[in-house]
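>>> Need the 3D shape of this:
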Amino acid sequence: MPGVTEDTLDIIMNLRKVVFSLHVNRPKILRLKAQGAGQVKAATSSRTPDVDILTPDVPLATLDKDGVLEMEVCIERGRATSRPRSVSPRRCRSTPSCSTPTSRLCSA
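Take a look at the predicted model:
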């Protein structure tokens, strides 16, 4: 991705380090938008009362002065290190790719 130091796989691996706490029994989508030089951390994600980011200081990517990073992350209930068996397109619009201790995370 132009303007982003890490490649997509590195960003996904960094997302695996983020711990979320989901307060509802349905998936929630967090949006992340960042631009300009600097490090993008988990705390950059949009805030919602239904999801807490328990590790907000986890770095996700590094942007240069022209860098722009936009992504949506679908948070679902899950267990640590368990991979999603299947995700309904109606429940989570993106492909499951990683997990976290308190919530399953599906990222595009």
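
>>> what's around the closest residue to T62 other than its chain neighbours, how many residues?
For T62, ignoring the flanking residues on the chain, the nearest one in space by Cβ to Cβ, 6 or more residues apart in numbering is T5 at 4.1 Å. (Glycine included, C-beta is placed from N, CA and C.) The number of residues packed near T5 is 13, by other Cβ atoms under 10 Å.

>>> For A37, see how far away T5 is.
11 Å (Cβ to Cβ, to the nearest Å).

>>> Also T8?
Distance of T8 to A37, computed by Cβ to Cβ: 20 Å.

>>> of these two, who's got more company?
Legend: neighbour count by other Cβ under 10 Å for T8 and A37, higher for T8 (14 against 11).

>>> And the pLDDT at that one?
Looking at T8, its pLDDT stands at 94.

>>> May I have the phi/psi pair for it?
When read as degrees, to the nearest 10, the backbone of T8 gives phi -60, psi -40.

>>> quick one, strands of this structure?
Assigned by DSSP state E, the strands in the chain fall at 20-22, 28-35, 38-41, 51-53, 59-63, 68-77, 96-99, 103-107.

>>> which stretch among the ones you listed comes nearest M1?
strand 68-77 (7.4 Å; Cβ to Cβ).

>>> how about the CA coordinates for that closest one, as PDB?
Output of strand 68-77 as PDB, limited to C-alpha atoms (Å, rounded to 0.1, in the frame of the first residue of the first chain):
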ATOM      1  CA  VAL A  68      -3.500   7.000   4.300                       C
ATOM      2  CA  LEU A  69      -4.900   3.900   6.000                       C
ATOM      3  CA  GLU A  70      -8.600   3.100   6.100                       C
ATOM      4  CA  MET A  71     -10.000  -0.200   7.300                       C
ATOM      5  CA  GLU A  72     -13.000  -1.800   8.900                       C
ATOM      6  CA  VAL A  73     -12.600  -4.500  11.500                       C
ATOM      7  CA  CYS A  74     -15.500  -6.800  12.400                       C
ATOM      8  CA  ILE A  75     -15.500  -7.800  16.100                       C
ATOM      9  CA  GLU A  76     -17.300 -11.000  17.100                       C
ATOM     10  CA  ARG A  77     -17.400 -13.100  20.300                       C
END
